[in-house]
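S.K.: Sequence below, structure please.
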Amino acid sequence: MPVGGPEAGHREERAGRGGDACADAPGTTPEREIPPGAEAGDHPSPKSPPPGRAEGPAGALLHVEDTTGRRLGCGFLADDRGTVVTAYEAVRDAPELLVSRADGAGLAGPVRSAAEAVTPLPGSGLALLRAPGLAAVPLPVAAGEAARGAYVLVAAGGWRQARVLGPAPFAGDGADGALAAGLELAIGTDGRNAARPGGGAAGAPVLDAATGQVLAILTPALEVGRQGCFAVPLRAAVRDAPDGALAALLARNEATVPALGAGLNLAGALQLTATTVGSEGPQSPTAPPVERPGTAAELAAFEDGPCLVLGLVGAP
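M.R.: Numbering: from 1, shown residues only. Here you go, the predicted structure:
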């Protein structure tokens, strides 16, 4: 079934217009595209999508370029060490790379394609870049995966709203076939054109429209022969390589990049806890510390165990 027909619920909300496949365009008015042959009545009203972000997060989208300034792809900062997640196709043929914010601030590089700077993950169509000192806003990664029919934001010729059609097998030469399936997204014509191979959108993050957390990475090279926009789900890639570099990165992301609200993660819980303790703790600066071996043992067990949340109760 062609992507974009009424049956696919095809819609697009754009946060910007322009030739830059990965440009941040906050503050612009969203608009929709209706494919040729479809009637306006076949599509939900503008109020029908679930509430979510109308534009992408400022300062979070990154550009990946070669040393001549040619756009190779996009990415996002995932931890406090300067690790950038992008698509393997964006770095595969470049001996040297430059990483910068899409809004032009915080140039970092050149990031050389050496073992300590680039970690290719060709089996999943992804790559990790080290760009220490990059002044960008890190994005939290969602703990779950996108549900069929969910609305997402994709940086393809500006931040655009797309819809998850569901899992689909990979095609093309962007991965070695280790990952069984990716996500197929329904997006409007302009966004689809921007997300084609060579369009500079490879590696762009796919965000949950409600929480702003990263669900997947756009991978145009894996969509050859299909009409949908393709992305690699990060959690699926970790399941296929639970002891790999991506799994370690997502663990750091959960611990260092706060996410609040419905997507609350460990870093977000720690942030909230620190705020609570700072305002409700003992006010006397002369109160001596009291050693509690039992509490210390529980905290140590929590750090080494599988649990994600620990509740501390009782008198201070």
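
S.K.: Now do the strands in the stretch 151-300 of the chain.
M.R.: 151-155, 159-169, 181-186, 205-208, 214-218, 229-233 (DSSP state E, counting those that start in this stretch).

S.K.: And G75, how far from A102?
M.R.: Distance from G75 to A102, counting by Cβ to Cβ, to the nearest Å: 10 Å. All C-beta spots, glycine's among them, are computed from the backbone N, C-alpha and C.

S.K.: thinking again about what came up before, can you add mean pLDDT, mean neighbour count and distance to D240 and give the strands of the stretch 151-300 of the chain back as CSV?
M.R.: As requested, these are arranged in CSV below (pLDDT from 0 to 100; neighbours: other Cβ atoms under 10 Å; distance: least, Cβ to Cβ, whole Å):
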stretch, mean pLDDT, mean neighbour count, distance to D240
strand 151-155, 93, 26, 21
strand 159-169, 88, 21, 13
strand 181-186, 85, 24, 10
strand 205-208, 96, 28, 18
strand 214-218, 95, 29, 14
strand 229-233, 90, 27, 10
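
S.K.: looking at those strands, which is closest to G123?
M.R.: G123 lies closest to strand 229-233 among these, at 10.4 Å (Cβ to Cβ).

S.K.: Now do the closest one: which elements does it pack against?
M.R.: Using 3 or more Cβ pairs under 8 Å, 6 or more residues apart in numbering; DSSP states H and E as the contact criterion, the elements in contact with strand 229-233 are strand 181-186, strand 214-218.

S.K.: looking at these, which is closest to G228?
M.R.: Comparing those by Cβ to Cβ, strand 181-186 comes nearest, at 3.7 Å.

S.K.: I'd like the average pLDDT over stretch 56-74.
M.R.: Mean per-residue pLDDT for stretch 56-74: 88.

S.K.: For the protein, give me the ranges with low pLDDT.
M.R.: Per-residue confidence for the chain (pLDDT under 70) gives these ranges: 1-54, 106-116, 170-180, 223-227, 275-287, 314-316.

S.K.: Helices of that one, residue ranges please.
M.R.: 88-91, 189-194, 234-240, 245-256, 266-280, 293-304 (DSSP state H).

S.K.: how about the second one: buried residues?
M.R.: Taking 16 or more other Cβ atoms under 10 Å as the neighbour-count basis, helix 189-194 is seen to contain the buried residues 190-192, 194.
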